[in-house]
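S.K.: Dropping a prediction and its sequence here:
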Amino acid sequence: MAGRKWKTPALNEINLGDITDQEQGESRDDVTAAKFFQRAADRGDANAQLNIALMLADGTGVAKDPLAAYLWAELAAYRATGKLREHAMKLQAHLEGSLSREDVAKAKEAARRWHPKTA
């Protein structure tokens, strides 16, 4: 999401691009983008999982939720490779500072039990 400036400064180093996509000449707002990313994340797309994790971590287009952000970053880190995996792991490390050990353990357990939606 290159070029995106997050409200939370620490997230800018994890930046992957701009959430505001262009489609048929119209830009989507953050709420709409979050809905599209959530659908793709629910189906197992690692890039979308990281995008929704970043949005949840920052409160962009969705309510800020560090625990849910950690869960999606965990899923992205598990499924991704290369730079995408590195970004997911950086986000996890950033979020661990705001979560209890118990919350991190809960998120990891939820990630282990998670299965992509098929439809």
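M.R.: Great, that's in hand.
S.K.: give the contact list for the residue nearest to the spatial centre of the chain.
M.R.: With distances taken as C-alpha atoms, centre = their mean, A53 lies nearest the centre of the chain, 1.8 Å away. Each residue near A53 by C-beta atoms under 8 Å, 6 or more residues apart in numbering is listed here: 69-73, 76, 88, 91. C-beta coordinates here come from the backbone N, C-alpha and C atoms, glycine included.
S.K.: again, 6 Å this time
M.R.: Residues in contact with A53 (C-beta atoms under 6 Å, 6 or more residues apart in numbering) are 69, 72-73, 91.
S.K.: now it, nearest residue through space, not along the chain?
M.R.: Distance criterion C-beta to C-beta, 6 or more residues apart in numbering; nearest residue to A53, sequence neighbours excluded, is W72 at 3.7 Å.
S.K.: on that earlier part again, state the pair within the contacts of A53 that is farthest apart.
M.R.: Using C-beta to C-beta, the two most remote members of the contacts of A53 are W72 and L91, lying 8.9 Å apart.
S.K.: So those two - more neighbours on which side?
M.R.: Neighbour count, other C-beta atoms under 10 Å: between W72 and L91, W72 has more, with 30 against 26.
S.K.: Near the closest residue to K108 other than its chain neighbours, how many other residues are there?
M.R.: Closest residue in space to K108, ignoring its immediate chain neighbours: E74 at 6.0 Å, by C-beta to C-beta, 6+ apart. Residues lying near E74 (other C-beta under 10 Å) number 25.
S.K.: How about the one 4 residues further on?
M.R.: Counted by other C-beta under 10 Å, the residues lying close to Y78 total 14.
S.K.: For the protein, which segments count as strands?
M.R.: Remark: strands assigned in the chain by DSSP state E are 22-23, 26-27.
S.K.: And D58, how close does it get to R101?
M.R.: 23 Å (C-beta to C-beta, to the nearest Å).
S.K.: higher neighbour count, these two?
M.R.: Neighbours were counted for D58 and for R101 using other C-beta under 10 Å; D58 has more, 24 against 8.
S.K.: measure the more buried one to R113 for me?
M.R.: 26 Å.
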